[in-house]
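A.B. asks: What shape does this take:
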Amino acid sequence: MPILIATRGSALALAQANLVLAQCQAAFPKLEFALKIMKTTGDKLQTASLAQENKTLPKGLFTKELEVALLEQKADLAVHSLKDLPTDLPAGLKLGAVGKRADVRDVLIYREEEAAASGGSARGYLPGLRIEALPAGAVVATSSTRRRAQLLALNPNLKAPDIRGNVLTRIQKVARNADLDATLLAAAGLSRLNYRISSEARLEGADVPPGMMATLLDTTVMLPCVGQGAIGIEIREGDDRIENLCQALNHPDTFACVSAERSFLAAMGGGCQSPVAAFAEVFQGMLRMSALSFTTGPLRRAEANRPQEEAMELGRELAASLRG
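C.D. replies: Have a look, this model is predicted:
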């Protein structure tokens with residue numbers, strides 16, 4: 001009987017699940033593993049506007065069905081983009097491991113100036129485009145309240161409507177829609193789908209329309225969401241066999257960092273759609289964390305350091321300073 005790894009069926013989810021599958025097979029060559037591909041509520045609502053103002057969103061849109069499979073013993077572990085995993089997990093489940101974190105940065109995706117000129121009314125831009133340099137009225141589409149809040153703080157003259165679809169769909173929308181100037185995507189997701197940013201700032205990869213450009217945004221410009229770039233592995237509590245397996249899959253430094261971030265998010269009372277951001281990293285043996293919040297109106301920032309074993313306390317400390 002194989003050890004079943006539950007995953008969503010999107011291209012990105014499968015890429016991440018296959019990374020975990022390969023890691024499992026390399027660490028435990030005598031064991032048999034298999035993917036269990038499932039459709040979640042979030043997949044079914046992909047075309048709906050999930051970020052409607054003043055409406056409470058259901059938690060766990062991309063995780064619920066995978067968690068039910070775990071609880072019903074129909075899967076042994078579930079692979080998630082950690083940013084999609086709620087901080088309050090169902091009774092009987094826990095975060096068993098977190099893989100080594102990929103690039104946490106966001107990427108600004110836009111049309112090249114020459115490509116736009118040949119396409120009629122669409123605007124295009126030179127390589128190295130900065131958010132602050134976008135003209136008044138430029139449209140940067142995003143479904144993330146966290147990205148939208150930071151975008152408008154950097155350049156209040158922008159428009160930031162919702163955009164839906166998978167990574168390639170969003171890239172194609174910017175390429176083909178003259179009303180869109182740009183969008184924002186996660187660097188980790190682009191990399192896991194084998195997209196590349198060339199030395200000339202061109203976005204390259206399968207089915208990418210010609211003339212698409214990309215600017216990597218430093219975390220000092222766009223702070224990432226909690227857990228961005230990390231793959232989380234959720235398991236049943238008390239399942240000793242799978243817990244032992246997770247020890248070989250876990251990256252301790254990343255686990256400490258995301259634990260601090262998730263503690264911050266929980267203390268802020270938010271989910272993945274909250275206008276907050278946090279990023280922790282290990283620096284000289286300590287956890288160093290930056291956080292920001294737009295929940296009470298204007299942008300508020302905070303930073304703090306603590307030993308790695310105080311990750312949860314670090315998150316709560318920063319949340320308290322931003323709420324106060």
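A.B. asks: mind listing the helices in the stretch 101-250 of the chain by residue range?
C.D. replies: All helices of the stretch 101-250 of the chain, identified by DSSP state H, counting those that start in this stretch, fall at 113-118, 145-154, 167-176, 187-192, 240-249.
A.B. asks: The ones you listed: which one's closest to L82?
C.D. replies: Judged by CB to CB, the one of these that comes nearest to L82 is helix 187-192, at 10.3 Å. C-beta coordinates here come from the backbone N, C-alpha and C atoms, glycine included.
A.B. asks: CA atoms only for the closest one, dumped as PDB, please.
C.D. replies: Extracted C-alpha coordinates of helix 187-192, given in PDB (Å, rounded to 0.1, in the frame of the first residue of the first chain):
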ATOM      1  CA  ALA A 187       9.000  34.400  -8.000                       C
ATOM      2  CA  ALA A 188       8.800  31.000  -6.400                       C
ATOM      3  CA  GLY A 189       5.700  30.000  -8.400                       C
ATOM      4  CA  LEU A 190       7.300  31.200 -11.600                       C
ATOM      5  CA  SER A 191      10.500  29.200 -10.900                       C
ATOM      6  CA  ARG A 192       8.600  26.000 -10.000                       C
END
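A.B. asks: List the beta-bridge partners for A304.
C.D. replies: M289 (DSSP bridges).
A.B. asks: from memory it sits against E317, does it?
C.D. replies: Yes - using CB atoms under 8 Å, A304 is in contact with E317, at 5.5 Å.
A.B. asks: out of those two, which sits in the busier spot?
C.D. replies: The residue with more neighbours, out of A304 and E317 and counting by other CB atoms under 10 Å, is E317; that gives 21 against 17.
A.B. asks: Let me see the mean pLDDT of the helix or strand where that one lies.
C.D. replies: Taking DSSP states H and E as the criterion, E317 maps to helix 311-323. Averaging pLDDT along helix 311-323 gives 96.
A.B. asks: same deal with stretch 123-131?
C.D. replies: On average, stretch 123-131 scores 95.
A.B. asks: try stretch 296-307
C.D. replies: The model assigns stretch 296-307 a mean pLDDT of 93.
A.B. asks: That stretch: which residues count as buried?
C.D. replies: Buried residues in stretch 296-307, defined by neighbour count with 16 or more other CB atoms under 10 Å: R300, A302, A304, R306.
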